[in-house]
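In: quick one: sequence plus predicted model below, questions after.
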Amino acid sequence: MIIKLPYLVLFVYLTVGCGQKTEEISSQVLHLEGSRVSEIVTQSFEKDSLSTNHMAVWDEQYIHFDTVFSGDIVTASYTLRNEGKVPLIISEVENTCGCTTSIVGQDVIQPGEKTTINVKFNTEGWIGEQEKEIKVWTNTTPSIQILRLEGYVEDIK
């Protein structure tokens, strides 16, 4: 069941309480814009779960690849585990350039579960030391998790 954003705003307002400022509620809800939200995920917005109940743990956030030739495709997989008590939501993944693409296994990770983010870097036109950054927005603190892919690309001569 998918909940529309206006209904989610109303639900959060009623759940959190009338004493909280509307701006605070709006910022929490807009963080999920574009993501699938189900009834079970809305529990991550409950007042007592906005802090320590969210725990995103990465197996690795930095991957170094061996020297490759320009034109090669470099692949890397980053594993994210939810060690918190509420669902972990990946609301957005941003690559630093068009040469890098990311595919998220699942955008809602239940407590105790894990997912992978598979990254591909097309080295065509790139020479020398390379560092690609992937920003992952989640419902954790901090909300932006940074992944790095680094290595050396040789020119084909």
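Out: Now that the structure is in, tell me what you want to look at.
In: in this protein, which segments are predicted with low confidence?
Out: Along the chain, the parts satisfying pLDDT under 70 run over 1-52, 157.
In: domain-wise, how is it divided?
Out: Domain ranges of the chain: 5-49, 56-154, per automatic domain parsing.
In: and the end-to-end length of the last one?
Out: Read it as domain 56-154. End-to-end distance for domain 56-154, by Cα to Cα, to the nearest Å: 35 Å.
In: now the helices for the chain?
Out: For the chain, applying DSSP state H gives helices covering 5-16, 22-30.
In: which residues touch stretch 121-128?
Out: With contact meaning Cβ atoms under 8 Å, 6 or more residues apart in numbering, stretch 121-128 is reached by 68-76, 99-100, 130, 132, 149, 152-155. Backbone N, C-alpha and C define where each C-beta goes, glycine included.
In: could you give me the buried positions within it?
Out: Neighbour counts over stretch 121-128 (16 or more other Cβ atoms under 10 Å) mark 121, 122, 123, 126 as buried.
In: filter those residues down to just the ones in strands.
Out: Counting by DSSP state E, the buried residues of stretch 121-128 place 121, 122 in strands.
In: would you reformat the buried residues of stretch 121-128 as TSV and include distance to residue 63?
Out: Formatted as TSV, these follow (distance: Cβ to Cβ, whole Å):
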residue	distance to residue 63
121	10
122	16
123	15
126	16
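In: please save the CA atoms from stretch 88-96 in PDB.
Out: The C-alpha trace of stretch 88-96 is given here as PDB (Å, rounded to 0.1, in the frame of the first residue of the first chain):
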ATOM      1  CA  LEU A  88      16.000   2.100   7.200                       C
ATOM      2  CA  ILE A  89      15.000   4.100   4.100                       C
ATOM      3  CA  ILE A  90      17.300   5.000   1.200                       C
ATOM      4  CA  SER A  91      15.500   8.000  -0.300                       C
ATOM      5  CA  GLU A  92      18.100   9.000  -2.900                       C
ATOM      6  CA  VAL A  93      21.500   8.000  -4.300                       C
ATOM      7  CA  GLU A  94      23.600  10.700  -6.100                       C
ATOM      8  CA  ASN A  95      26.600  10.100  -8.300                       C
ATOM      9  CA  THR A  96      29.300  12.800  -8.700                       C
END
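In: now that stretch: buried residues?
Out: For stretch 88-96, using 16+ other Cβ under 10 Å, the buried residues are 88, 89, 90, 91, 92, 93, 95.
In: specify which member of the residues you listed is nearest to residue 113.
Out: Set against residue 113, the nearest of the buried residues of stretch 88-96 by Cβ to Cβ is residue 88 (8.5 Å).
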